[in-house]
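> build me a model:
(chains A, B, C and D)
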There are 2 protein chains.
Amino acid sequence: MNIQNDRGQKETSATQGAYLSIRDMILTGQLPAGDKLKIEKLRMMLNTGASPVREALSLLTSDMLVERIDQRGFRAAPASQSNFEEILMLRCSLEDMAVRMSVDKADSDWEDALVLSHHRMKKLAANGDATFEDAHKSFHMALLDNCGSPMLLKYCSQLYDLNIRYRYLAAGSESYQSRNIPAEHEEILSAAVQRDSALAADRLITHYRLTGEYLTAQLADI
Amino acid sequence: MNIQNDRGQKETSATQGAYLSIRDMILTGQLPAGDKLKIEKLRMMLNTGASPVREALSLLTSDMLVERIDQRGFRAAPASQSNFEEILMLRCSLEDMAVRMSVDKADSDWEDALVLSHHRMKKLAANGDATFEDAHKSFHMALLDNCGSPMLLKYCSQLYDLNIRYRYLAAGSESYQSRNIPAEHEEILSAAVQRDSALAADRLITHYRLTGEYLTAQLADI
DNA sequence: AAAATTAAAAATATCGATATTTCTTGACAC
DNA sequence: GTGTCAAGAAATATCGATATTTTTAATTTT
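Here you go, the predicted model:
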């Protein structure tokens, strides 16, 4: 078989497919925060059996995107202002650590990969669709990739995803963003390429704090 | 039915039971690092079906105690010197953050719970069995419990467990420990009760670093 | 003898069905 | 009218069986 899903990820197993699909639906808000996730319903939506769905939900539990309720099944993790602030705080701490380690150990292979991922992101521009989202995440992860700690990277990746969810949640309300985000990315890249880890970390954290303030404002009127 | 397992945790579901049992077997080294985890074998050992075992393994994957290999099942996460150092580094960073936040927000309820958990641990003494291990973890988690960030607590708890594993791994080789660990615990407790977050953090991190050095030495000759 | 091929065995992933548990609803008592 | 309880409905958790996939072992080919 080897069916491909919307975003073009080749699915090796039914479980993997269900995992990616459900994750996507939660991140984009297609499955709203706090909603009950009924096995039968998901089974139908994804055209698969109950076992892969259950296993996918188990995996998402550890990503903190799904909660398991004792003997009562699963639900999409609730979203709240305080949860968002927690994610922001942890991201700032962990990514600060990761980007410093990454830049401090910089070598030309890593630099090449970083420049490349920035270029790819730029080319797609902020069209807001899934391909840009992926490229954007790739750029941010490429920045941290050289830190040498797979576990730290995993945490950062997880927190990044949790944050995306709030971007989609806030997307509904209108508000003008006076920031120049591509420029912020360029500046972060530039600091990294100059091997100035403190500056890169500063700029990255500022980038997140600004987005955080923007999202907090948006979330307030939802 | 409501069977109870070795350690006296009442198991609500077969999955939960399998999860706790397998986790325990990996932490104590009964299932050695890197070993293939065959569903059938575990199914027999735990007297349960394949579904709960699979789901338990999925959950353990996110705890980083089990690895899933594409279409080839599961294996106990490998252990290595560098993995141990990574865990130690992350624990120091995250617990430093957590204990500061926790102590800075100290109130009498939290202080009571902390003193109580210390007392319980002391009473069991370091007999090395599972009940002491649980009490020891409870004390360390009680220290962080007031930090106000459930996610940070989850990470710390996860890292604590990953670390236990290396303690069991090193337990085989002989070496005299000149440290007075109960005294270190008392000092950490004392700093926390005095609401001196910087001192508490310092003492906690030193405590971990010392254990880290000891374990590193032990691991070397394995 | 080494490499490649293939057939058999083992293990995994998935399905469909069943046993439990939780949730809902309506009757009855107060 | 409100609260309790029981029966039925819905959903979950688990089991046993089957279809795939991977591994092993044996056979053939170079």
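> who in chain A is up against DNA strand C?
A:13, A:14, A:15, A:48, A:49, A:50, A:51, A:52, A:55, A:70, A:71, A:72 (C-beta under 7 Å from any atom of the strand). From N, CA and C alone the C-beta is placed, and that goes for glycine too.
> for the fifth one, give its distance to residue B:51.
Going back to what we said before, that points to residue A:49. Noted for residue A:49: a distance of 12 Å to residue B:51, by C-beta to C-beta, to the nearest Å.
> so which residue is smack in the middle of chain A?
residue A:161 (2.4 Å; C-alpha atoms, centre = their mean).
> sorry, back to before: ok, and of the residues of chain A next to DNA strand C, which contact DNA strand D?
A:50, A:51, A:70, A:71, A:72.
> please tell me which one of these counts the most neighbours.
residue A:51 (17 neighbours; other C-beta atoms under 10 Å in any protein chain shown).
> mind checking the SS state of it?
Three-state call for residue A:51 (DSSP: H, G, I helix; E, B strand; the rest coil): helix.
> ok, for it, nearest residue in space, not its chain neighbours?
Excluding its sequence neighbours, the residue lying closest to residue A:51 (C-beta to C-beta, 6 or more residues apart in numbering or on different chains) is residue B:51, at 7.0 Å.
> in chain A, what residue lies closest to DNA strand D?
Nearest residue of chain A to DNA strand D: residue A:73, at 3.3 Å (C-beta to the nearest atom of the strand).
> does that residue touch residue A:36 like I think?
Yes - using C-beta atoms under 8 Å, residue A:73 is in contact with residue A:36, at 6.9 Å.
> what residues are up against the residue nearest to the centre of chain A?
A:23, A:27, A:63, A:65 (C-beta atoms under 8 Å, 6 or more residues apart in numbering or on different chains).
> show me what the helix or strand bottoming out on mean pLDDT in chain A is packed up against.
The helix or strand of chain A with the poorest confidence is helix A:197-220; it has a mean of 91 (mean pLDDT, DSSP states H and E). Where contact means 3 or more C-beta pairs under 8 Å, 6 or more residues apart in numbering or on different chains; DSSP states H and E, helix A:197-220 is packed against helix A:81-104, helix A:150-170, helix A:181-193.
> same list (these) but as CSV, adding mean pLDDT.
Shown next, in CSV, are those (pLDDT from 0 to 100):
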stretch, mean pLDDT
helix A:81-104, 97
helix A:150-170, 95
helix A:181-193, 94
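> redo the ones you listed as a markdown table? Include distance to residue B:210.
Listed next are the helices and strands packed on helix A:197-220 as a markdown table, based on distance: least, C-beta to C-beta, whole Å:
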| stretch | distance to residue B:210 |
| --- | --- |
| helix A:81-104 | 22 |
| helix A:150-170 | 22 |
| helix A:181-193 | 35 |
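> now for the ones next to DNA strand D among the residues of chain A next to DNA strand C, which pair is the farthest apart?
Largest separation among these by C-beta to C-beta: A:51 and A:70, giving 20.3 Å.
> which non-adjacent residue is nearest residue A:209?
residue A:92 (7.0 Å).
> actually residue A:179, sorry about that
residue A:210 (6.1 Å).
> is it true that the one you found touches residue A:178?
No - Residue A:210 is not in contact with residue A:178 according to C-beta under 8 Å; the separation is 10.0 Å.
> one step back: quick one, the least confident helix or strand of chain A and helix A:81-104 angle?
160 degrees (axes from the mean of the first three to the mean of the last three C-alpha atoms, to 10 degrees).
> ok, and what's touching helix A:197-220?
Taking C-beta under 8 Å, 6+ apart as the rule, helix A:197-220 contacts A:81, A:84-85, A:88, A:91-92, A:95-96, A:99-104, A:143, A:166-167, A:169-170, A:173, A:175, A:177, A:179, A:184-185, A:187-188, A:191-192.
> returning to what we had before: export the residues of chain A next to DNA strand C as CSV, with columns for pLDDT.
Shown next, in CSV, are these (pLDDT from 0 to 100):
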residue, pLDDT
A:13, 88
A:14, 92
A:15, 94
A:48, 94
A:49, 93
A:50, 95
A:51, 95
A:52, 96
A:55, 95
A:70, 88
A:71, 90
A:72, 93
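> which one of these is nearest DNA strand C?
So of these, ranked by how close each gets to DNA strand C (C-beta to the nearest atom of the strand), first place is residue A:49, at 2.0 Å.
> next, the residue nearest to residue A:32 when sequence neighbours are not counted: phi, psi?
Leaving out its chain neighbours, the residue that sits closest to residue A:32 by C-beta to C-beta, 6+ apart is residue A:76, at 6.6 Å. Main-chain torsions, residue A:76, degrees, to the nearest 10: phi -60, psi 130.
> list the contacts of residue A:146.
A:101, A:102, A:103, A:105, A:106, A:107, A:110.
> among the residues you listed, which are within reach of DNA strand D?
Applying C-beta under 7 Å from any atom of the strand to these, none is adjacent to DNA strand D.
> any quick ChimeraX command for the buried ones out of those residues?
Selection of the buried residues among those in ChimeraX, burial being defined by 16 or more other C-beta atoms under 10 Å in any protein chain shown:
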select /A:101,102,103,106,110
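> tabulate the contacts of residue A:146 (TSV), appending distance to residue A:44.
Below are the contacts of residue A:146 laid out as TSV (distance: C-beta to C-beta, whole Å):
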residue	distance to residue A:44
A:101	45
A:102	43
A:103	48
A:105	48
A:106	49
A:107	50
A:110	45
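> looking at the contacts of residue A:146, which is nearest residue B:149?
Taking C-beta to C-beta as the measure, residue A:101 is the one of those closest to residue B:149, at 22.1 Å.
> ok and the residue in chain A nearest chain B?
residue A:62 (2.4 Å; C-beta to the nearest C-beta).
> that'll do, ta.
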